[in-house]
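Asker: Need the 3D shape of this:
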Amino acid sequence: MDEDELIRRAMAALSKRGASKGGKARAKSLTPERRSEIARKAAKRRWEKRRRKVSE
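Answerer: Numbering: from 1, shown residues only. Below is the predicted model:
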């Protein structure tokens, strides 16, 4: 295994560790109102995207 591959694997392992904690920590730090706002914005974007596909 060359040095680049070793570094890539190490970074991937670190990324997985952080990612598993990140979402939960972020959700815990957000207020229910802010979580709702984020969810509402995401749903709006999904519906806009769907409408664009239908109208094309």
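
Asker: where does the protein have low pLDDT?
Answerer: Along the chain, segments meeting pLDDT under 70 span 19-20, 55-56.

Asker: try 80
Answerer: For the chain, applying pLDDT under 80 flags the ranges 1, 16-23, 50-56.

Asker: all helices of it, in order?
Answerer: 3-29, 32-55 (DSSP state H).

Asker: could you redo the ones you listed as a markdown table and give each row mean neighbour count?
Answerer: No exception for glycine: its C-beta is placed from N, CA and C like everyone else's. Putting the helices of the chain into a markdown table (neighbours: other Cβ atoms under 10 Å) gives the following:
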| stretch | mean neighbour count |
| --- | --- |
| helix 3-29 | 10 |
| helix 32-55 | 10 |
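
Asker: At the geometric centre of this structure, which residue sits there?
Answerer: What sits nearest the mean C-alpha location of the chain, by Cα atoms, centre = their mean, is residue 23, with 7.6 Å.

Asker: Would you mind measuring from that residue to residue 48?
Answerer: From residue 23 across to residue 48, the span is 24 Å (Cβ to Cβ, to the nearest Å).

Asker: same deal with residue 33?
Answerer: 23 Å.

Asker: And the residue nearest to the centre of the chain, how close does it get to residue 29?
Answerer: 11 Å.

Asker: Then residue 4?
Answerer: 36 Å.

Asker: again, but for residue 39
Answerer: Residue 39 is 16 Å from residue 29, where distance means Cβ to Cβ.

Asker: cool, residue 36 as well?
Answerer: 15 Å.

Asker: What about residue 30, how many residues nearby?
Answerer: Other residues within reach of residue 30, judged by other Cβ atoms under 10 Å, total 13.
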